[in-house]
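Engineer: Just a sequence and a predicted model for now, questions to come.
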Amino acid sequence: MFPSTQIEDPVLRDRRESVSFVIPVFNEEAVVPHLIREVERYRADHPFVEQVVVVDDGSTDRTLFELKRLTAGLSGYRIVSFSRNFGHQLAITAGLDYARGDAAVILDADLQDPLYVVTEMVECWRQGYEVAYGLRRRRRGESIVKRATAAAFYRFFRIMTDIEMPVDTGDFRLVSRRVIDAYKDLGEQKPFVRALISWLGFSQVAVPYDREERIAGAPKYTYRRLVQMAVDGLASFSDKPLRLAVRTGLAVSIMAGLGGAVWAILAKYVFETAPMSGWASLMLVIAFFGGLNLFFMGLVGSYLARVFDQVKDRPRYIVRSEWTSERAKSASAERDRLNETVDQQVEVTRLSGP
């Protein structure tokens, strides 16, 4: 069962005071010290950030240990640890489930999205916007190929779907309590967060910024994962690929039928070359249509796989453990109190003598 943060009172729903940070992490041992330092530096000047939800997406290094060590004694930290790696988008989803602020800001742990932009997002939110998303003007430290493919995907996504998802954006955004509650009602097994938030509607505004280089570590989104996320996103929001497959198949069938008929007539009555061997051309045609059939079967299969995942209705993620910095602080204080009591008893015993 997901943690309940639903706010029923409309007055409380419109309150625009506290903010939660939602930060998914996966094998970010090298990044965590920089992350906590920068977050605490920002919180010192901006006390409206009352909660920081860090979701450990099944890390296999010392990420979780470092998170607990560095946040013990600090205020407002909740660390949610998955039982295994469920993926970046579900880690964000879990963070939104646990966020209790009037709004939540989704951050990546690598600090490529500078925290000063959060202040501008909060100002937009307090002016009445429900979503303030980061719009990347420049992307430092990324290859030309990655920038080009990302730009092409966003534009292709808008063509293939009816979702007005802003181009050149990521998951870096502020979402209000209204949007969080609406998002939690969706229940997607494979969510594409930025597109779902666009689909929800509400008033949204862009906050332009320059994306920085990664502060440490290596990117966790490989090209394979990016392609998978793109396929899942398209399958979630559009049936145009299926309709395109039908139209393409019909067009190819018509052209192949007409072309084959014309070729047969010309070969027999004009060139008088029938019968002819034509082995190479026959193999070429078989390979072409075989590949086309396999492609479209895979396309249909991707849609069926999404339906299969959805109807199984399994939990979207499994939480192995939860940890709060306040609880750790209380436990530490209790240990210190008990140790002090024991020391006092030992001292009294020593002074009283036999």
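Structural biologist: Sure, I can see it.
Engineer: and the closest residue to residue 114 other than its chain neighbours, how many residues sit next to it?
Structural biologist: Across the structure, with C-beta to C-beta, 6 or more residues apart in numbering as the measure, the residue nearest residue 114 apart from its sequence neighbours is residue 212 (6.0 Å). Every residue, glycine included, has its C-beta placed from N, CA and C. For residue 212, the neighbour count with other C-beta atoms under 10 Å is 15.
Engineer: quick one, what contacts the nearest residue to residue 93 once chain neighbours are set aside?
Structural biologist: Counting by C-beta to C-beta, 6+ apart, residue 93 lies nearest to residue 191, which is 5.5 Å off, once chain neighbours are set aside. By C-beta atoms under 8 Å, 6 or more residues apart in numbering, the residues touching residue 191 are 89, 90, 92, 93, 236, 316.
Engineer: Wasn't residue 191 part of a strand?
Structural biologist: No: using DSSP: H, G, I helix; E, B strand; the rest coil, the secondary structure at residue 191 is coil, not a strand.
Engineer: And the contacts of residue 191, which is closest to residue 101?
Structural biologist: Distances from residue 101 to the contacts of residue 191, taken as C-beta to C-beta, are shortest for residue 92 (15.1 Å).
Engineer: Just the CA trace of the helix or strand harbouring that closest one, in CSV.
Structural biologist: Assigned by DSSP states H and E, residue 92 falls within helix 88-98. Output in CSV follows, covering the C-alpha atoms of helix 88-98 (Å, rounded to 0.1, in the frame of the first residue of the first chain):
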residue,chain,number,x,y,z
HIS,A,88,14.4,5.6,-12.6
GLN,A,89,10.8,6.5,-13.5
LEU,A,90,9.4,4.2,-10.7
ALA,A,91,11.9,5.7,-8.3
ILE,A,92,10.5,9.1,-9.0
THR,A,93,7.0,7.7,-8.6
ALA,A,94,7.8,6.3,-5.2
GLY,A,95,9.3,9.7,-4.2
LEU,A,96,6.1,11.5,-5.1
ASP,A,97,4.2,8.9,-3.1
TYR,A,98,6.2,9.7,0.0
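Engineer: Output the below-cut-off pLDDT ranges for the stretch 51-200 of the chain.
Structural biologist: For the stretch 51-200 of the chain, applying pLDDT under 70 flags the ranges 139-143, 145-163.
Engineer: can you do 80?
Structural biologist: Screening the stretch 51-200 of the chain residue by residue with the criterion pLDDT under 80, one finds the ranges 137-169, 187-189.
Engineer: I'd like to know how far residue 197 sits from residue 59.
Structural biologist: According to C-beta to C-beta, to the nearest Å, residue 197 stands 26 Å off from residue 59.
Engineer: who's more crowded, the two?
Structural biologist: residue 197 (25 against 20).
Engineer: check contacts around the more buried one.
Structural biologist: With contact taken as C-beta under 8 Å, 6+ apart, residue 197 is in contact with 131, 133, 173, 175, 179, 183.
Engineer: Which of those has the largest number of neighbours?
Structural biologist: residue 175 (28 neighbours).
Engineer: Secondary structure element holding that residue?
Structural biologist: In the assignment (DSSP H and E), residue 175 maps to strand 169-176.
Engineer: Neighbouring strands - and their directions - for that strand?
Structural biologist: Applying DSSP bridges, strand 169-176 is found paired with strand 103-106 (antiparallel), strand 131-139 (antiparallel).
Engineer: quick one, which of these is packed in tightest?
Structural biologist: With neighbours defined by mean count of other C-beta atoms under 10 Å, none of the strands paired with strand 169-176 is more surrounded on average than strand 103-106, at a mean of 26.
Engineer: Having no further points to raise, I will conclude here.
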